[in-house]
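S.K.: Let's see this in three dimensions:
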Amino acid sequence: MEALLAAPEFPVAETLDLASLAISDSDRQLLAAVLMNESEELNAALLEQAVHALRHQQLERRQRSLKNQIAEAERKQDQAALARLMQEKLNVDRALSARN
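M.R.: Numbers count the residues shown, from 1 in each chain. Alright, predicted model coming up:
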């Protein structure tokens, strides 16, 4: 899912080729299963909404990971790592705020 989530904008539904995405087989199968779900008509807006939600979850996971890494850097008194991690957390926090 990382390759799909890293894309600046989600590709238009007509141009989406699952085989060309650089994702794991399990992620490809998961994405295909979601796309094949017939409970709703598949359209570009629905796909974009799904990817937006996945990106948001990815940012939240990164935020939690950074909090743990910051605590570890503080424990080790590693000021260089702490500064780098704090800057990255600030960027993630801003990205999350912009999405709300």
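S.K.: residue ranges for the strands of this protein, please.
M.R.: Listed from the start of the chain, the chain has no strands (DSSP state E) to report.
S.K.: can you give me the helices for it?
M.R.: Counting by DSSP state H, one finds helices in the chain at the ranges 2-6, 25-36, 44-76, 79-99.
S.K.: Can I get those in JSON lines including mean pLDDT?
M.R.: Rendered in JSON lines, the data for the helices of the chain read as follows (pLDDT from 0 to 100):
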{"stretch": "helix 2-6", "mean pLDDT": "53"}
{"stretch": "helix 25-36", "mean pLDDT": "71"}
{"stretch": "helix 44-76", "mean pLDDT": "89"}
{"stretch": "helix 79-99", "mean pLDDT": "96"}
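S.K.: Need those helices in TSV (columns: mean neighbour count).
M.R.: C-beta coordinates here come from the backbone N, C-alpha and C atoms, glycine included. Output for those, formatted as TSV (neighbours: other Cβ atoms under 10 Å):
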stretch	mean neighbour count
helix 2-6	14
helix 25-36	12
helix 44-76	14
helix 79-99	13
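S.K.: now the nearest residue to Arg99 once chain neighbours are set aside: how far from Arg62?
M.R.: For Arg99, ignoring the flanking residues on the chain, the nearest one in space by Cβ to Cβ, 6 or more residues apart in numbering is His56 at 5.6 Å. Plainly put, His56 is 11 Å away from Arg62 if you go by Cβ to Cβ, to the nearest Å.
S.K.: cool, and Leu46?
M.R.: From Leu46 across to Arg62, the span is 25 Å (Cβ to Cβ).
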